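> Below are the sequence and a predicted model; questions follow.
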Amino acid sequence: MDERTNNRLFWQKEEEKLDELVKKAVWPGGEKAVSRLKKQGKRPVRELINLLIDPGTEFYELSRIAGFGMNYPDVEDVPCAGIVTGIGKIHGNWTMIIANDSRVKAGTYFPITLKKHLRAQAIAEKCGLNCVYIADSGGAYLPMQADVFPGEDHFGAMFYNMARMSAKGLKQVTMSTGGNTAGGAYIVFMACQAVMVEKLAYSFLGGPPLVKMATGEEITAEALGGADVHTRISGGADYFCKTQEEGILKVREILSMEPVQRIHCHRFEKRPPKVPAEEIYEILPAQVSRSVDVRAFIRAIADDSEFIEYKRRFAPGRGENIVTGKIRIDGIPVGVIASNGVGIIFVEAAKKATEWIVRCSYEKIPLLFIQNSPGYMVGSESEHMGIGKYGADMVRAVSCAQVPKIQLVIGPDHGAANYGMCGRAYRPNFLFATMRARTSVMSGKSAAGVLLSIEKRKRAAKGKPMTKEEEDGFYKKMMDKYDREAHPFYCGARLLNDRILKFSEIRKWLSMAFEVSLIKPIGEPSFGNFRF
């Protein structure tokens, strides 16, 4: 079997593992849970979303594998973090949709649920999207209240974000189709407009048990805060609907008068790549540490497979580990900064990347960071040449670039290279991983070697040197730990990426992401001081 065939078969099998995990995420409780919803007069949440978005369009679901392996008190997994988030078109306008999945612990908010909800709101605010909330939640997961309730990025931040987005003109529309108690009631009351479904939706600051305990009053949930109460008496909601389907139609009607979005760049004619997407499966080595021909990868995602490369001849052998230039994705011009070869960033590569980021910022061209780098070059030669200084300039440029930024991880994503190539801390509009991504402070092999040397010194200082068997066991344990935590499943579960993409869907998702990211006008460039 030749190498290209081996690569293709390997990555296809890896993506089958992704399919298996996604199935667990989107099908919690199986048919039994769906039957239970049906008895309540409810549909599974993704069915509601498909009714909400424009017919024939796609829902771009984010963070599907969030919540697995969290090891919370009494709870190992929170499938899909108990909440569905993603972007779809409503009357032609891109809209952020945030929907509780009551099949997962009654839609209660664990720390990962809250993190996913807030990430969706952050994307919406950054890109200028209206938000629709399909609310059906039991509120905060009480055994972990200290981890979800009082902090700056905890439960109250959801409503803070709603208020601030509404003030910016971004509509916040809620359809309540379940319980919304205590702080969760604000998902209804803070919406610009709220829809409640008869005998399904309840919203109150304190439910019947708390009311009984606090005041002695005995009252039903419907009489306390049902759809009739809040649309007819309190005015806390605006529209009364008898079914979920009617509620969905009402939300679409509310948003039907919104002005049509446009993107703030010149869009050229769309052209498919000349290289089929399936070729990506063959050109990316099965071994993550192997060298990558990133130009071949770029040709597989670019319109007409055209890549206008910048400074190709600069610093042969050292400047080539980062490739820069321009492509178009579905007609949208995009500046590319891509790790090439084994991806180690030398001084010359850092200089080239910094210069290109600044140039694209002044031209107001969005940036795509294709990350496949294990880090910046170390050693006396690199330090003396200023790798710290020029690496810092690259980080500074990434931090200050005012244009939309998207990171796509196709290989090693270690150490400061994660920073210079626009990792999560650098606020990319979207961050996508592939099954080849490995995100950690360093590779398992490197981390195990460093930690073993430290452990050996500690043990020797105590007069108890390690045996060969102990060394081997320690090394394997550390390598396994770091490799596990670098895997895209581990990172995706913790929301360190927005979605793990199959190689075949990369172009489609990049097209959506850049279009959405260009809805807001691009500001003027402003950079900090570079250390020339």
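Perfect, thanks for sending it.
> Tell me which strands the top strand by length along the chain pairs with, and in which orientation.
Across the chain, the longest stretch assigned as strand under DSSP state E is strand 405-414. Here strand 405-414 has these sheet partners by DSSP bridges: strand 367-373 (parallel), strand 430-433 (parallel), strand 438-440 (parallel).
> Off-centre distance for it?
13 Å (Cα atoms, centre = their mean, to the nearest Å).
> Stretch 418-429 too?
Centroid separation for stretch 418-429 versus its chain: 12 Å, with Cα atoms, centre = their mean.
> Also stretch 500-508?
Chain-centre distance of stretch 500-508: 14 Å, with Cα atoms, centre = their mean.
> can you redo the strands paired with strand 405-414 as JSON lines with mean neighbour count, distance to E61 and mean pLDDT?
All C-beta atoms are positioned from the backbone trio N, CA, C, and that covers glycine. Shown next, in JSON lines, are the strands paired with strand 405-414 (neighbours: other Cβ atoms under 10 Å; distance: least, Cβ to Cβ, whole Å; pLDDT from 0 to 100):
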{"stretch": "strand 367-373", "mean neighbour count": "26", "distance to E61": "21", "mean pLDDT": "97"}
{"stretch": "strand 430-433", "mean neighbour count": "25", "distance to E61": "13", "mean pLDDT": "98"}
{"stretch": "strand 438-440", "mean neighbour count": "23", "distance to E61": "21", "mean pLDDT": "95"}
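> Adding distance to C360, write those strands out as CSV.
CSV is the format used below for the strands paired with strand 405-414 (distance: least, Cβ to Cβ, whole Å):
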stretch, distance to C360
strand 367-373, 6
strand 430-433, 17
strand 438-440, 24
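> Among those, single out whichever gets nearest to Y186.
The minimum distance between Y186 and those falls on strand 430-433, with 27.7 Å, by Cβ to Cβ.
> Helices of the stretch 201-350 of the chain, start to end?
Residue ranges of the helices in the stretch 201-350 of the chain, as given by DSSP state H, counting those that start in this stretch, are 208-215, 221-225, 227-228, 244-254, 280-283, 294-301, 347-363.
> right, and those - which one's nearest A201?
Closest approach to A201 among the helices of the stretch 201-350 of the chain is made by helix 227-228 (5.0 Å; Cβ to Cβ).
> Let me know the average pLDDT across the closest one.
The pLDDT scores in helix 227-228 average 96.
> try stretch 231-243
For stretch 231-243, the per-residue pLDDT averages 96.
> what's the span of that stretch from first residue to last?
15 Å (Cα to Cα, to the nearest Å).
> Which positions within that stretch qualify as buried?
Residues of stretch 231-243 classed as buried: T231, G236, A237, D238, Y239, F240, C241, T243 (neighbour count, 16 or more other Cβ atoms under 10 Å).
> ok, and what's touching it?
Here stretch 231-243 makes contact (Cβ atoms under 8 Å, 6 or more residues apart in numbering) with 41, 176, 188-189, 193-198, 203, 225, 227-228, 230, 247, 250, 254.
> Adding mean neighbour count and distance to T95, write the helices of the stretch 201-350 of the chain out as JSON lines.
Converted to JSON lines, the helices of the stretch 201-350 of the chain look like this (neighbours: other Cβ atoms under 10 Å; distance: least, Cβ to Cβ, whole Å):
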{"stretch": "helix 208-215", "mean neighbour count": "12", "distance to T95": "34"}
{"stretch": "helix 221-225", "mean neighbour count": "18", "distance to T95": "27"}
{"stretch": "helix 227-228", "mean neighbour count": "21", "distance to T95": "23"}
{"stretch": "helix 244-254", "mean neighbour count": "19", "distance to T95": "10"}
{"stretch": "helix 280-283", "mean neighbour count": "21", "distance to T95": "30"}
{"stretch": "helix 294-301", "mean neighbour count": "21", "distance to T95": "26"}
{"stretch": "helix 347-363", "mean neighbour count": "22", "distance to T95": "28"}
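> Can you tell me the SS state at the residue of the chain most remote from its centre?
Most distant from the centre of the chain: G463, at 48.6 Å, with distances by Cα atoms, centre = their mean. What DSSP: H, G, I helix; E, B strand; the rest coil gives for G463 is coil.
> any idea how far it is from L510?
G463 is 58 Å from L510, where distance means Cβ to Cβ, to the nearest Å.
> With only the CA atoms kept, save stretch 167-177 in PDB.
This file holds the C-alpha atoms of stretch 167-177, laid out as PDB (Å, rounded to 0.1, in the frame of the first residue of the first chain):
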ATOM      1  CA  ALA A 167     -28.100  47.800  23.300                       C
ATOM      2  CA  LYS A 168     -26.000  47.400  20.200                       C
ATOM      3  CA  GLY A 169     -29.100  46.600  18.100                       C
ATOM      4  CA  LEU A 170     -28.600  42.800  18.000                       C
ATOM      5  CA  LYS A 171     -32.000  41.300  18.600                       C
ATOM      6  CA  GLN A 172     -32.400  38.800  21.500                       C
ATOM      7  CA  VAL A 173     -35.500  36.600  20.900                       C
ATOM      8  CA  THR A 174     -36.500  33.900  23.300                       C
ATOM      9  CA  MET A 175     -39.000  31.000  22.700                       C
ATOM     10  CA  SER A 176     -39.700  29.400  26.100                       C
ATOM     11  CA  THR A 177     -40.900  25.800  25.700                       C
END
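> Show me which positions of it end up buried.
Across stretch 167-177, burial judged by 16+ other Cβ under 10 Å covers L170, K171, Q172, V173, T174, M175, S176, T177.
> Residues contacting that stretch, please?
With contacts defined as Cβ under 8 Å, 6+ apart, stretch 167-177 is touched by 42, 48, 124-125, 128-136, 162, 165-166, 187-188, 190-197, 200-203, 227, 237, 244, 247-248, 250-251, 254-255, 258.
> and if we set it to 6 Å?
Contact with stretch 167-177 is made by 130-136, 162, 166, 187-188, 191-197, 200-201, 203, 244, 247, 251, 254, as judged by Cβ atoms under 6 Å, 6 or more residues apart in numbering.
> Which members of the residues you listed occur in helices, if any?
Counting by DSSP state H, those place M162, S166, I187, V188, Q244, G247, V251, I254 in helices.
> Which pLDDT value does the model give F530?
73.
> So it: helix, strand or coil?
Applying three-state DSSP: F530 is coil.
> how close does the spatially closest residue to it that is not a sequence neighbour get to G415?
Distances taken as Cβ to Cβ, 6 or more residues apart in numbering place D393 nearest to F530, at 5.0 Å, with adjacent residues excluded. Computed as Cβ to Cβ, the D393 to G415 distance reads 17 Å.
> Okay, now the unreliable bits of the protein?
531-532 (pLDDT under 70).
> Distance check, V292 against W509.
20 Å.
> okay, those two: which has more neighbours?
V292 (23 against 18; other Cβ atoms under 10 Å).
> can I assume the more buried one is in contact with S373?
No: using Cβ atoms under 6 Å, V292 is not in contact with S373; the gap is 10.1 Å.
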